[in-house]
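[1] my questions concern the predicted model and sequence given below.
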Amino acid sequence: MNSSNKRKHDAPRPLTKYEIARILSTRAEQLARGAVTTVPLYVKENRLDTHSAIALAELALGRIPLLIVRPFPDGKNETVRVIGQIGDRMYKTQRVSST
């Protein structure tokens, strides 16, 4: 295989809307079952009183303790974690491993 056919991943893609939805629902469920929060319950003078609000605040601050595994058609996987928010609805990721 020559180098022009190899897939190059300089930086992982931002999260998709489907990944965001899955992360938020999974984290909200963990919080509902008693998981410890990674953000204070008062952020920017807003009280975080629901599990969904806490999960959203954790995601916006890049403090979600979850890894995302992205499968590719060639059978390889990329594992990333959320490290912060880029824009209104875009979240920056960091590659943990690629197989």
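    Great, that's in hand. Small disclaimer: the values here were computed from a predicted structure and weren't measured.
[2] show me the shaky parts of this structure.
    Along the chain, the parts satisfying pLDDT under 70 run over 1-12, 42-47, 84-93.
[3] what are the boundaries of the strands in it?
    Secondary structure of the chain (DSSP state E): strands located at 42-43, 46-47, 67-71, 77-85, 91-98.
[4] so the residue nearest the centre of the chain bridges to which residues?
    In the chain, the centroid-proximal residue (CA atoms, centre = their mean) is V82; its distance is 3.8 Å. Beta-bridge pairing for V82 (DSSP bridges): T93.
[5] any idea how far it lies from G75?
    Distance of V82 to G75, computed by CB to CB, to the nearest Å: 25 Å. C-beta: built from backbone N, CA, C; applies to glycine.
[6] show me where the chain has helices.
    Secondary structure of the chain, counting by DSSP state H: helices at 17-32, 51-61.
[7] can you tell which of these is closest to T99?
    Of all those, the one in closest proximity to T99, counting by CB to CB, is helix 17-32 (18.5 Å).
[8] what's the closest one in contact with?
    15, 35, 37, 51-52, 54-56, 58-59, 64, 66, 68, 82, 89, 91 (CB atoms under 8 Å, 6 or more residues apart in numbering).
[9] got the CA coordinates for it in PDB?
    What follows is the C-alpha trace of helix 17-32 in PDB, where atoms were taken according to Å, rounded to 0.1, in the frame of the first residue of the first chain:
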ATOM      1  CA  LYS A  17     -24.500  15.400  17.200                       C
ATOM      2  CA  TYR A  18     -25.100  11.600  17.700                       C
ATOM      3  CA  GLU A  19     -21.900  11.300  19.900                       C
ATOM      4  CA  ILE A  20     -23.000  14.300  21.900                       C
ATOM      5  CA  ALA A  21     -26.500  12.900  22.500                       C
ATOM      6  CA  ARG A  22     -25.000   9.500  23.500                       C
ATOM      7  CA  ILE A  23     -22.500  11.100  25.900                       C
ATOM      8  CA  LEU A  24     -25.100  13.300  27.500                       C
ATOM      9  CA  SER A  25     -27.600  10.500  28.000                       C
ATOM     10  CA  THR A  26     -25.000   8.100  29.300                       C
ATOM     11  CA  ARG A  27     -23.500  10.700  31.700                       C
ATOM     12  CA  ALA A  28     -26.900  11.800  33.000                       C
ATOM     13  CA  GLU A  29     -27.800   8.200  33.700                       C
ATOM     14  CA  GLN A  30     -24.500   7.700  35.600                       C
ATOM     15  CA  LEU A  31     -25.200  10.800  37.700                       C
ATOM     16  CA  ALA A  32     -28.800   9.600  38.400                       C
END
